[in-house]
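>>> Got a predicted structure plus its sequence, pasted below:
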Amino acid sequence: MKIHQSIFSIMLALTAMAALSWEPAMSAPSILTKSFGKTSEGSDAHLYVLQNTKGAKVSITDFGATIVAIEVPDREGKLADVVLGYDSLKGYETGTSYFGGLIGRYGNRIGGAKFALDGQTYLLAKNDGQNSLHGGKRGFNKVVWTAHERPSKEGQALELTYVSKDGEEGYPGNLSVRVLYTWTDRNELRVQYFAHTDKATVVNLTNHSYFNLAGDPQKNILGHMVRLEAPQFTPVDNGLIPTGELRNVEGTPFDFRKPVAIGKRIADSDEQLKLGKGYDHNWVLASGAGLKLAAHVVEPATGRVLEIRTTEPGIQFYSGNFLDGKAVGKNGSVLAYRTGFCMETQHFPDSPNHANFPSTTLQPGENYRSQTVYRFETE
Ligand code: BGC
């Protein structure tokens, strides 16, 4: 009897130990973290490689909360990196194309590099002709963020935080920003932005990844088939500042309500295409609450599909018109004309100067929240 009892208790203990040793394997393993070098100011930068159980990966650096790589399968299951970028930190520090960066405090342009809020005028740096672009001289894509891994049932998740000081780049208010990147087993990259301020300010956060779903940065993106759930767009002047009009896309080369190849109409004789040097405009997304479909892009040769859902009212579809082959990308690739396209989910450009656009003002006590999900599939 005694022998039986002790055999029984040994078995119980073994079962308990087995259960315990299983525990770590059940929850997501921790994020692979590597050094990404030192910034010119001597701060350490890191590269965080989020991997899901399918083997697909997203690499993010705390320098600029930047997405460095997204490795996802084609229809044959072959993984390739579908975003443009650099091999090293130096590229991100000195580059001027915003590859993969988190853009803030104000994504896109502010006309005349100034705006008024509560009767006070705020002056910003003119870093794009007479206008301010993507947060100014040193936007959120050029600073080191603080990273923490966050447990999540959905997959590996990385949180990055940054406090932008009152007056930084001319913007009022100490703004505390948090972004949470979650990489799920369905090959979805969920990006959640949060912010709060101690003084009224303006906020428009986005991500500036350049996609090339062929996974080959030497190929241009003109064959990608784009669908945008957008009945209108915001026409611009010659400085790419919206005129304030919301124009119907119907009957224009801006109608992407049915899939069209990027290259099909890009050279049409159209005033707006000329001003944008191609597509470089904000589309007004079909209204709706919560996460709504914004863009669906297919690369026909590899079958890779990118679907973007967002809580934002607009999306800047930019066809890489300013890429000129001067910058050297990953593995020595040449970052040439139209080899990547951006889909920047956002509030409309220059909203602080357009009372008819959805407001980008954030007041103390309010919570800024925005979410975009990039889902990679094949067909
Ligand atoms: C803008 C382009 C700009 C690019 C910078 C895009 O968001 O719309 O006009 O040249 O960012 O790389």
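It's in.
>>> Name the next helix or strand following the helix or strand bottoming out on mean pLDDT in the chain along the chain.
For the chain, the helix or strand with the lowest mean confidence is helix 2-26, at a mean of 45 (criterion: mean pLDDT, DSSP states H and E). From helix 2-26 onward toward the C-terminus, using DSSP states H and E, the following helix or strand is strand 32-38.
>>> so what secondary structure elements neighbour that next one?
If you count contacts as 3 or more Cβ pairs under 8 Å, 6 or more residues apart in numbering; DSSP states H and E, strand 32-38 packs onto strand 44-51, helix 89-94. For every residue, glycine as well, the C-beta is placed using N, CA and C.
>>> partners of the helix or strand following the longest one in the sheet?
Spelled out, it's strand 44-51. From strand 44-51 onward toward the C-terminus, using DSSP H and E, the following helix or strand is strand 57-61. Taking DSSP bridges as the criterion, strand 57-61 sits next to strand 44-51 (antiparallel), strand 66-73 (antiparallel) in its sheet.
>>> I'd like the average pLDDT over whatever helix or strand comes next after the last one.
Same thing as strand 66-73. Using DSSP H and E, the helix or strand that follows strand 66-73 in sequence is strand 79-81. When pLDDT is averaged over strand 79-81, the result is 98.
>>> list the buried ones in strand 79-81?
With burial defined by 16 or more other Cβ atoms under 10 Å, the residues of strand 79-81 counted as buried are Ala80, Asp81.
>>> next one: that strand to chain centre, how far?
How far strand 79-81 lies from its chain's middle: 18 Å, per Cα atoms, centre = their mean, to the nearest Å.
>>> Near the nearest residue to Asn220 once chain neighbours are set aside, how many other residues are there?
In this structure, Asn220 finds its nearest non-sequential neighbour in Arg338, 4.7 Å apart by Cβ to Cβ, 6 or more residues apart in numbering. The local packing of Arg338 (other Cβ atoms under 10 Å) involves 20 other residues.
>>> residues contacting Arg338?
Asn220, Ile221, Leu222, Ile262, Gly278, Ser319, Gly320, Asn321, Leu323 (Cβ atoms under 8 Å, 6 or more residues apart in numbering).
>>> that older thread, which of the helices and strands packed on strand 32-38 sits closest to Gly107?
Of all the helices and strands packed on strand 32-38, it is helix 89-94 that lies closest to Gly107, at 17.2 Å by Cβ to Cβ.
>>> quick revisit: of all the helices and strands packed on strand 32-38, which one comes closest to the ligand?
The closest of the helices and strands packed on strand 32-38 to the ligand is helix 89-94. By Cβ to the nearest ligand atom, the value is 13.1 Å.
>>> interface residues of the protein facing the ligand?
When proximity is defined by Cβ under 6 Å from any ligand atom, the chain lies next to the ligand at Ser97, Tyr98, Asn108, Leu240, Asp280, Gln316, Tyr318, Phe322, Cys342, Glu344.
>>> so what's the backbone phi/psi at the third one?
In other words, Asn108. Dihedral pair for Asn108: phi 80, psi -160, per degrees, to the nearest 10.
>>> just how off-centre is stretch 338-345 within its chain?
Taking mean C-alpha positions (Cα atoms, centre = their mean), stretch 338-345 and its chain are 10 Å apart.
>>> Could you pull out the buried residues of that stretch?
Buried-residue list, stretch 338-345, by 16+ other Cβ under 10 Å: Arg338, Thr339, Gly340, Phe341, Cys342, Met343, Glu344, Thr345.
>>> Hmm, Leu158 and Arg178 touching each other?
No: counting by Cβ atoms under 8 Å, Arg178 does not reach Leu158; the two are 11.3 Å apart.
>>> what about Gly112, which SS state?
Under DSSP: H, G, I helix; E, B strand; the rest coil, Gly112 falls in the helix class.
>>> Pull up the gap between the closest residue to it other than its chain neighbours and Thr252, please.
Nearest non-adjacent residue to Gly112, counting by Cβ to Cβ, 6+ apart: Gln130, 6.0 Å away. Separation of Gln130 from Thr252 (Cβ to Cβ, to the nearest Å): 27 Å.
>>> between the two, who's got more neighbours?
Thr252 (15 against 11).
>>> list the contacts for that one?
Applying Cβ under 8 Å, 6+ apart, we find Thr252 in contact with Asp270, Gln272.
>>> what number of residues lie near Leu222?
Neighbour count for Leu222, taken as other Cβ under 10 Å: 17.
>>> Next up, the contacts around it.
By Cβ under 8 Å, 6+ apart, the neighbours of Leu222 are Ala261, Ile262, Gly263, Ile266, Arg338.
>>> out of these, which one sits closest to Tyr368?
For those, the nearest to Tyr368 is Ile262 (31.6 Å; Cβ to Cβ).
>>> pLDDT weak spots in this structure?
For the chain, applying pLDDT under 70 flags the ranges 1-28.
>>> hmm, try it at 90
1-29, 151, 288-289, 327 (pLDDT under 90).
>>> which residue is nearest the middle of it?
Residue closest to the average C-alpha location in the chain (Cα atoms, centre = their mean): Asn207, at 2.3 Å.
>>> State the distance from that residue to Gln120.
30 Å.
>>> One more: Gly278?
As for Gly278, its distance to Gln120 is 37 Å (criterion: Cβ to Cβ).
>>> Kindly report the same for Ala327.
Counting by Cβ to Cβ - Ala327 and Gln120 are separated by 38 Å.
>>> what's the answer for Glu299, then?
Note on Glu299: its distance to Gln120, by Cβ to Cβ, is 47 Å.
>>> Between these two, tell me which one has more neighbours.
More neighbours surround Glu299 than the other of Glu299 and Gln120, with 25 against 9 (other Cβ under 10 Å).
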